[in-house]
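Fold the following and give me the result.
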Amino acid sequence: MAKKLKITQIRSIIDRPIDQKRTIEALGLGRPHYERVHNDTPQIRGMVKKVTHLVKVEEINE
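Coordinates of the predicted model:
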């Protein structure tokens with residue numbers, strides 16, 4: 001079973017630096033309460049770490 005991450009945006013990207021806005025867009029988010037499920041890879045973990053104050057992350061098994 002592959003591990004996955006459920007990423008939920010909890011805060012707005014208004015008044016955030018452009019790199020954080022682009023990271024949120026790259027994760028497939030854009031508005032608070034949007035959710036996306038991604039494979040648990042080092043690249044996704046790095047993006048989440050950059051915007052950890054804007055998102056909530058849950059590990060799920062599929």
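
Contacts only, for Gln20.
13, 50-51, 54 (C-beta atoms under 8 Å, 6 or more residues apart in numbering). All C-beta atoms are positioned from the backbone trio N, CA, C, and that covers glycine.

any idea how far Ile60 is from it?
25 Å (C-beta to C-beta, to the nearest Å).

Would you mind listing where the chain has pLDDT under the threshold?
Along the chain, the model assigns pLDDT under 70 to residues 1.

ranges for the helices of it?
All helices of the chain, identified by DSSP state H, fall at 18-26, 42-50.

For the first one, buried residues please.
I take that to be helix 18-26. Neighbour-count burial for helix 18-26 flags 23-24 (criterion: 16 or more other C-beta atoms under 10 Å).

would you put the C-alpha positions of stretch 43-53 in CSV?
The C-alpha trace of stretch 43-53 is given here as CSV (Å, rounded to 0.1, in the frame of the first residue of the first chain):
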residue,chain,number,x,y,z
GLN,A,43,9.0,16.7,-3.4
ILE,A,44,5.5,17.0,-2.0
ARG,A,45,6.9,16.9,1.6
GLY,A,46,9.2,19.8,0.6
MET,A,47,6.3,21.9,-0.8
VAL,A,48,4.2,21.2,2.3
LYS,A,49,7.1,22.3,4.6
LYS,A,50,7.3,25.6,2.7
VAL,A,51,3.7,26.4,3.4
THR,A,52,3.1,24.5,6.6
HIS,A,53,1.5,27.5,8.2
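
hang on, the earlier thing: would you format the helices of the chain as JSON lines with distance to Ala2 included?
Listed next are these as JSON lines, based on distance: least, C-beta to C-beta, whole Å:
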{"stretch": "helix 18-26", "distance to Ala2": "20"}
{"stretch": "helix 42-50", "distance to Ala2": "12"}
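
Many thanks, we can stop here.
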